[in-house]
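Undergrad: return atomic coordinates for the entry below.
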Amino acid sequence: MSVTQLVQQQPCTRVAQQTSSIPVHIPDMFVLFLSGAPELNPHYEVVRNDSEAWICNECSFDKRSERILKKTGFSYFCSIAAPDALPEELRTVCDWGNWVFPFDDEFDNGGLKDDPERAQELVDRLLAGMVDNEEPSTYEENSLVRVHNSIWDRIRRASPPGVRHRFAKAMTDYCNGSIEQVRACSSGQASSMEAMLAMRRKSVGASPLFALVEYAHKLNLPDFVFETWSIKEVERIGNDLVLLQNDILSYCKEEKEGVAHNLVATCRHSGMSAQMAFNYVGNMLVSRYRDWYLALAELPSWGEQIDYEVQEYIRGVTNVVRANLNWSFHSRRYFGKASEAIRETRRVTVQSQIADIRLNM
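TA: Numbers count the residues shown, from 1 in each chain. Here you go, the predicted structure:
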């Protein structure tokens, strides 16, 4: 029986809460091309400090928000994703990374999580500033929109048309996915695994990073490269790997916050035990590893110069996936001070639900 057939119609915002907890093992994700230590941009420390100070000032963060931003440490992610970027370009990528978390949290567990109208207003204002041949406004009242306008202006001025187009499209998809997420949760309707996967592919926010790495490493690939099956597969698989990693590693945090737009949560709502749910999503990762190698085996050749940049682009997608995995344990966002121990043991504790109790009877 498929997960879709198992899904019960439960409110999207309702996550089963039990007083008891149970241990589960998460999949080993440091495998194949994701094993080994990541390469870190040598400008990481300086750029991180500058980027965090800038966004805290621009958004008038209070002390608590500053602590959360620094604890999240997304510049570490960006410095793995773009290890060869010069300081100016790395700064733009880090600014986007430090912007996206407070922006995304508004839709996940903030003031917009069940307010589709206000969420749509924010998205409309953000996307209105991304007109290709127009300078975005620096007088925007909303600080998150104003920060993104600055980031977009830097990308717009320094990138070829293809990179600008891909970043703008990826941001549009990401924002639309966030709106879908808010609408689904505010309506109280559960999603099938297929519907949740389609929504998470957009709302996870990985695709803008692929274009940001293009910008940061000064790539200039012709548009026709991105129309080939192999490159589309590389992007799909890279995006899926990020979201599957994320939903496994963020589950404990999101369970406590009552966040239900998570593939592990969807599996558990369908009637799976906790360990079965983690194993199921882990098997989805394994299938993507296989698809990755199949896509690379079918990669065409366009001549030495284009082939070199194609390999750099694929390396960039790989680095985004690698960055997400390593950052998830480096940051304290998901596991706090227990990150190193959890990475070593792969053991986490989740709240028990009816399926877990039945399994142990």
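
Undergrad: distance from the chain centre to stretch 99-113, please.
TA: Going by Cα atoms, centre = their mean, to the nearest Å, the spacing between the C-alpha centre of stretch 99-113 and its chain's C-alpha centre is 13 Å.

Undergrad: residues making contact with it?
TA: Under the criterion Cβ atoms under 8 Å, 6 or more residues apart in numbering, residues 55, 59, 65, 69, 72, 74, 118-119, 122, 144, 147-148, 151, 178-179, 181-182, 185-186, 203, 205, 208, 254, 257-259, 261 lie in contact with stretch 99-113. In short, each C-beta sits where N, CA and C put it, glycine included.

Undergrad: for stretch 173-181, same thing?
TA: 104, 107-108, 116, 119-120, 123, 126-127, 199-205, 207-208, 261.

Undergrad: mark which of the contacts of stretch 99-113 are buried, thanks.
TA: Among those, those classed as buried by 16 or more other Cβ atoms under 10 Å are 55, 59, 69, 72, 74, 119, 122, 144, 147-148, 151, 178-179, 181-182, 185-186, 203, 205, 208, 254, 259, 261.

Undergrad: which regions of the protein sit below the pLDDT cut-off?
TA: For the chain, the stretches flagged by pLDDT under 70 are 1-19, 109-110, 137-138, 188-190, 354-361.

Undergrad: related to what we said a few turns ago, let's see which of the contacts of stretch 173-181 end up in helices.
TA: 104, 107-108, 116, 119-120, 123, 126-127, 199-203, 207-208 (DSSP state H).

Undergrad: which of those tops the neighbour count?
TA: For the ones in helices among the contacts of stretch 173-181, neighbours were counted using other Cβ atoms under 10 Å, and Ser207 has the most, 26 neighbours in all.

Undergrad: which non-adjacent residue is nearest that residue?
TA: Counting by Cβ to Cβ, 6 or more residues apart in numbering, Ala170 is the residue found nearest to Ser207 once chain neighbours are left out, at 3.8 Å.

Undergrad: may I ask which helix or strand encompasses that neighbour?
TA: Following DSSP states H and E, one finds Ala170 within helix 161-187.

Undergrad: tell me what angle that helix forms with helix 116-128.
TA: On the basis of axes from the mean of the first three to the mean of the last three Cα atoms, to 10 degrees, helix 161-187 is oriented at 180 degrees to helix 116-128.
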